[in-house]
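In: My questions concern the predicted model and sequence given below.
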Amino acid sequence: MFTRSLEALEYDWVRQRVADEAMSSLGKQLAHTMLPCPSRQEAEQALAQVDEAYRCLLRAGTPPFAGITQIRPLLSRAKVGGVLGAEQVLAIAQFIA
């Protein structure tokens, strides 16, 4: 039933539109996996977070998202004791900066 509801709402189309607007590869990835909130309470909490983020954007302007890269694989490798090259360490440092 849930799958049929998502199909009726053209939810895949909605996810794609959100992904198209994302400014980073991580944002695009998250957009493709998003699902509707399972309860009204969770939806209201999510909307409150969106409202807060919007107010922050109005107050401080858009954060500089340009150049954000996916560093999860690098962090996973480092976590298990893997060696990172200079370029990989630099990518992590730039992400943090």
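Out: Nice, thanks for sending it over. Residues are numbered from 1 along each chain as shown.
In: Tell me which helix or strand the most centrally placed residue in the chain sits in.
Out: Nearest to the mean C-alpha position of the chain, counting by CA atoms, centre = their mean, stands residue 27 at 3.2 Å. Element membership for residue 27, per DSSP states H and E: helix 25-33.
In: Mind listing what's buried along that helix?
Out: Buried residues in helix 25-33, counting neighbours by 16 or more other CB atoms under 10 Å, are found at 28, 31. C-beta: built from backbone N, CA, C; applies to glycine.
In: Need the residues that contact that helix.
Out: 15, 16, 18, 19, 22, 68, 69, 70 (CB atoms under 8 Å, 6 or more residues apart in numbering).
In: Lowest-confidence entry in those residues?
Out: Among the contacts of helix 25-33, residue 68 carries the lowest pLDDT, at 70.
In: outside of stretch 4-12, which residues touch it?
Out: residue 36.
In: How far away from the center of its chain is that stretch?
Out: Distance of stretch 4-12 from its chain centroid, counting by CA atoms, centre = their mean, to the nearest Å, is 21 Å.
In: and what of stretch 76-93?
Out: 22 Å.
In: Stretch 16-29 too?
Out: For stretch 16-29, the distance to the chain centre is 7 Å (CA atoms, centre = their mean).
In: Can you give me the end-to-end span of that stretch?
Out: Using CA to CA, to the nearest Å, the end-to-end distance of stretch 16-29 comes to 10 Å.
In: So, low pLDDT: which residues of this structure?
Out: In the predicted model of the chain, residues 1, 65-67 satisfy pLDDT under 70.
In: Tell me where it has helices.
Out: 2-8, 11-21, 25-33, 40-60, 72-79, 86-96 (DSSP state H).
In: Can you spell out which helices and strands pack onto the fourth one?
Out: When you say that, I think you mean helix 40-60. The helices and strands touching helix 40-60, judged by 3 or more CB pairs under 8 Å, 6 or more residues apart in numbering; DSSP states H and E, number zero.
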